[in-house]
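*Asks:* Just the structure for this:
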Amino acid sequence: MPLFGELLRTYRRRLHLTQDELAAKAGVSVRSVRAVETGQNSVARPSTVRQLADALELDGQAREDFYHASAGARRTTEADRPQPAQLPPDVATFAGRTEYLKQLDGLLAAVGSSPTAVVISAIAGTAGVGKTALAVHWAHAVADLFPDGQLYVNLRGFEASGSVMSPEEAVRGFLDALGVAPTRMPTAFAAQVGLYRSLLAQRRVLLVLDNARDAEQVRPLLPGSPESLVLVTSRNDLTSLVAVDGAWPLTLDVLSTEEAQELLAGRLGAQRVAAEPDAVASMIGACARLPLALAVAAARATGSGFPLTTIAAELADAGRRLDVLDTGDPAGQVRAVLSWSYAALQPASSRLFRLLGLHPGPDISLAAVASLAGEPAAKTRSRLRELVHAHLVAEIEHDRFAFHDLLRAYATELTLAQDSGEDRQTALVRLLDHYVHNAYTADRLINPHRGEIGLPLATPAPGAVLNDFANPPMATAWLAAERRVLLAVLEAAAGAGLDRHACLLAWSLDTFNGRQDRWHDMAAMGSIVLPAARRLGHVGALGYAHRLRSHAAIMLGQHDEAHGHLHQALDLYQHDGDRRMQALTHQNLSVLHSWRDDFEAALDHAEQALALARTGDSTADTVKGLNAVGWCHAHLGRYAEAIAHCEQSLSGFQQLGEGYGEASAWTALGFARQGNGDHDQAADCYRRAIELWREHGDEYRRADALDKLGDSLEAEGDHEAARAAWREALDVLIDMDHPSAEAVSAKLLA
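*Replies:* Alright, predicted model coming up:
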């Protein structure tokens, strides 16, 4: 239940009022009260909040808390998950489709007219016919009618690589866009769908589900709110979605001759098109009136400056060369047009286009393209510019590129036919080395004292581009920008049998995902890496894969699964005699038992970890072990032992210059001193921790320290300072949509 709704219910019950009675007393609708209390709508207008506060007879601090909770709910809805605007850019030269646009306009009247049904339009049509362009163009035109936002996803239903997006991945992506913190992401897919639909309830949102394979891929993404409208595009008819879910079918045909002329005029200029009508007619026929093919042809005409008669002749010649590939489907003629445009490229650019078919997507940076090509970035940018001008690749943002799935399929087809297996493998290794080495370097910057996987990092292949990260924030920013790509690359590495790359890449992403609370990403990585590590037969990689699976399982509440993986890892390390990895695994077991509130078992594993760490040469492991032992002692009420261990840990982290670890030591030391009754000293510890957590951008742990600071100040009798700390903690937790917000709010209400 949303925080504001719980608060409203609490105050209402104190006055022994029913929802109807409160609504009557406040002069608001019963529906508004019920919507807020049940979570159907966590936001009330400021005027409604004032009326409710008056009806509840709130004044002083209680009224302030009520307003604060209301503002928090509004921030959560209007800032964190508000109005996502995910639509791709509109096509500047969109042409025709008037009748189809009118049919889509007709859907608007049905939005909200039924108390249960969501309005769906299923746009079907062949590849390259302009389904996405139509959906996006219309969505931009009506976006203002959907003030709660527009969601977009490319479901990759017909990727040549077979990497179709799962409904699970799509739902999690939408939950991210709606501001759901990873800590609030449910474990079960059904619960994720339930949360997604709850967030869209009573909201007016436009969704574009692009490039769907079938109805089963789409159904979990359909909201339950009648206020929303969904556009689905697919090469298939999605008959099941029409029959079962009430979708409105719309089958998109090729352009009419007049619309095709309009498209060419928009791209080439009306005067040029009017001057050579026969050539234009020939071009339109050769392109089968498909928008994608016409766009490529127009790009060739613009880039070359040739007369349109020359372009038409080239097109006709390309079509004759590839007649054998034409199955009668208009998409077959797209291949002919693409082959002609491809043939017009400089050799180096055509090679680059082919190699791009090896990248798993969804998009690619200039540095990664340069690695794939094995050429300097400046040369690669020039080749990419030629591909962009030919409409074979799109620059979706500065130095970041993507292309239509039909173009990806064509590039993949070409590289398999024209490039040797050795050349493809060499290019793929360069690409993977780019990602693995950069991710590894980034991880070393943000977590310099972390234990190694035990799998040596090979020298990067010649031509792989290595980034120069000046500082940890730059490293973190790169990992964040490449997060989705890196997951796809990891899967591609394992699929290509490059298991060493897969294991090293997963290891390099561990710290980032852990500090970002991306447990579902970690679970997905673990399911890929564990088989790869088994194939590799490397003890360190296999032990790490088990620990990775356990880490995600602990945080997702799958504690029995985590326990099994950790003991498998421990057995491997013990058999191999790797005492450092044994120590780290015992630390993981300590964390697992802490989550189970079994601090005796947690302490036992923490002490075993510390003993093992002291036999090695890693000061960082010993320092972390001291802090873990101190933390467990504090939870068991053994405060003197806790303080002694935490003070040693703090000193060690300071000597190492490890700010993140120092923040955790200050927090643990504050908790121990607080338990010991030294509230003033505890408050000082928490203040030190708060500043360090702020410096390292860990907002949840900063909020946790603020919450504990409030407890210490309250125990000292400084009630106003305590409430100020709790309010700041609550602000952070509300902004994160973290479940701990409710406990902090309860302290403010007490």
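*Asks:* Once you drop chain neighbours, what's closest to residue 150?
*Replies:* Using CB to CB, 6 or more residues apart in numbering and skipping residues adjacent in sequence, the residue nearest residue 150 is residue 206, 4.6 Å away. No exception for glycine: its C-beta is placed from N, CA and C like everyone else's.
*Asks:* again, but for residue 138
*Replies:* Counting by CB to CB, 6+ apart, the residue nearest residue 138 is residue 104, at 4.8 Å.
*Asks:* Show the pLDDT at the one you found.
*Replies:* Note for residue 104: predicted pLDDT of 91.
*Asks:* quick one: it and residue 708, what's the gap?
*Replies:* Plainly put, residue 104 is 54 Å away from residue 708 if you go by CB to CB, to the nearest Å.
*Asks:* circling back: contacting residues for the residue nearest to residue 150?
*Replies:* Applying CB atoms under 8 Å, 6 or more residues apart in numbering, we find residue 206 in contact with 139, 142-143, 145-146, 149-151, 228-231.
*Asks:* and the end-to-end length of stretch 226-238?
*Replies:* Taking CA to CA, to the nearest Å as the measure, stretch 226-238 stretches 21 Å from start to finish.
*Asks:* what residues does the helix or strand containing residue 123 touch?
*Replies:* Using DSSP states H and E, residue 123 sits in strand 119-124. The list of residues contacting strand 119-124 from outside it, by CB under 8 Å, 6+ apart, reads 104, 107, 110-111, 131, 134-135, 222, 226, 228-238, 241-242, 245-252.
*Asks:* Check the residues you listed for burial and list the buried ones.
*Replies:* Neighbour counting by 16 or more other CB atoms under 10 Å classes 104, 107, 111, 131, 134-135, 222, 226, 228-236, 238, 241-242, 245, 247-248, 250, 252 among the contacts of strand 119-124 as buried.
*Asks:* Which ones among those lie within strands?
*Replies:* 229-234, 248, 250 (DSSP state E).
*Asks:* What is the nearest of the residues you listed to residue 658?
*Replies:* Taking CB to CB as the measure, residue 658 lies nearest residue 230 of those, at 48.8 Å.
*Asks:* The closest one reaches residue 210, doesn't it?
*Replies:* No. In this structure, residue 230 is not within contact of residue 210 by CB atoms under 8 Å, at 11.2 Å.
*Asks:* What helix or strand is residue 147 located in?
*Replies:* Here residue 147 is assigned to no helix or strand, by DSSP H and E.
*Asks:* Wait, it touches residue 205, no?
*Replies:* No. Applying CB under 8 Å, one finds residue 147 not in contact with residue 205, separated by 9.1 Å.
*Asks:* what about those two, which has more around it?
*Replies:* residue 205 (23 against 11; other CB atoms under 10 Å).
*Asks:* Would you check that residue 130 makes contact with residue 253?
*Replies:* No. The pair residue 130 / residue 253 is not scored as a contact, 9.9 Å apart, by CB under 8 Å.
*Asks:* the more surrounded of the two?
*Replies:* residue 130 (30 against 13).
*Asks:* Tell me which residues touch that one, please.
*Replies:* 97, 252, 255, 290-292.
*Asks:* Quick check: which element contains the residue nearest to the spatial centre of the chain?
*Replies:* Among the residues of the chain, the one closest to the centroid is residue 173, at 5.2 Å (CA atoms, centre = their mean). Assigning secondary structure by DSSP H and E places residue 173 in helix 167-177.
*Asks:* Centre of the chain to the longest helix along the chain, how far?
*Replies:* Longest helix in the chain, counting residues (DSSP state H): helix 421-446. On the basis of CA atoms, centre = their mean, to the nearest Å, helix 421-446 sits 21 Å off its chain's mean C-alpha point.
*Asks:* Adjust the sequence numbering to begin at 572 for everything that follows.
*Replies:* With the count now opening at 572, the last piece we talked about shows up as helix 992-1017.
*Asks:* Name the residues of that helix that come out as buried.
*Replies:* Buried, per 16+ other CB under 10 Å, within helix 992-1017: 995, 997-1017.
*Asks:* From the contact counts, what lies against it?
*Replies:* Under the contact criterion of 3 or more CB pairs under 8 Å, 6 or more residues apart in numbering; DSSP states H and E, helix 992-1017 touches helix 937-944, helix 1043-1052, helix 1054-1066, helix 1070-1086.
*Asks:* Now do that helix against helix 937-944, angle only.
*Replies:* 150 degrees (axes from the mean of the first three to the mean of the last three CA atoms, to 10 degrees).
*Asks:* what's the angle between helix 992-1017 and helix 1043-1052?
*Replies:* Using the same axes, to 10 degrees: helix 992-1017 against helix 1043-1052 is 140 degrees.
*Asks:* Let me know the average pLDDT across helix 992-1017.
*Replies:* Rounded mean pLDDT across helix 992-1017 is 97.
*Asks:* Could you check the angle that helix makes with helix 1070-1086?
*Replies:* 30 degrees.
*Asks:* quick one: residue 1057 and residue 1085, what's the gap?
*Replies:* In terms of CB to CB, residue 1057 sits 15 Å off from residue 1085.
*Asks:* likewise residue 577?
*Replies:* For residue 577 relative to residue 1085 (CB to CB), the value is 30 Å.
*Asks:* about what we covered before: keeping just the C-alphas, turn the strand holding residue 694 into CSV.
*Replies:* The C-alpha atoms that make up strand 690-695 are tabulated as CSV, following Å, rounded to 0.1, in the frame of the first residue of the first chain:
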residue,chain,number,x,y,z
VAL,A,690,-8.0,-0.3,-26.2
ILE,A,691,-5.5,-2.2,-28.4
SER,A,692,-4.7,-1.8,-32.1
ALA,A,693,-2.7,-4.6,-33.8
ILE,A,694,-0.8,-3.2,-36.8
ALA,A,695,0.3,-6.0,-39.1
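*Asks:* by how many degrees do that strand and strand 800-805 diverge?
*Replies:* 20 degrees.
*Asks:* Strand 690-695 pairs with which strands, and in what direction?
*Replies:* The sheet places strand 690-695 alongside strand 800-805 (parallel), strand 819-822 (parallel), with pairing taken from DSSP bridges.
*Asks:* quick one: contacts of the last one?
*Replies:* So that's strand 819-822. 671, 674-675, 678, 690-696, 808-809, 813.
*Asks:* Point out where the stretch 972-1121 of the chain drops to low pLDDT.
*Replies:* Low-confidence segments of the stretch 972-1121 of the chain, defined by pLDDT under 70: 976-977.
*Asks:* try it again with 90
*Replies:* Across the stretch 972-1121 of the chain, the ranges flagged by pLDDT under 90 are 973-984, 1019-1027, 1055, 1085-1091.
*Asks:* Quickly find the element holding the residue nearest to residue 1244 when sequence neighbours are not counted.
*Replies:* Using CB to CB, 6+ apart and skipping the chain neighbours, the partner closest in space to residue 1244 is residue 1253 (4.1 Å). Residue 1253 belongs to helix 1250-1266 when assigned by DSSP H and E.
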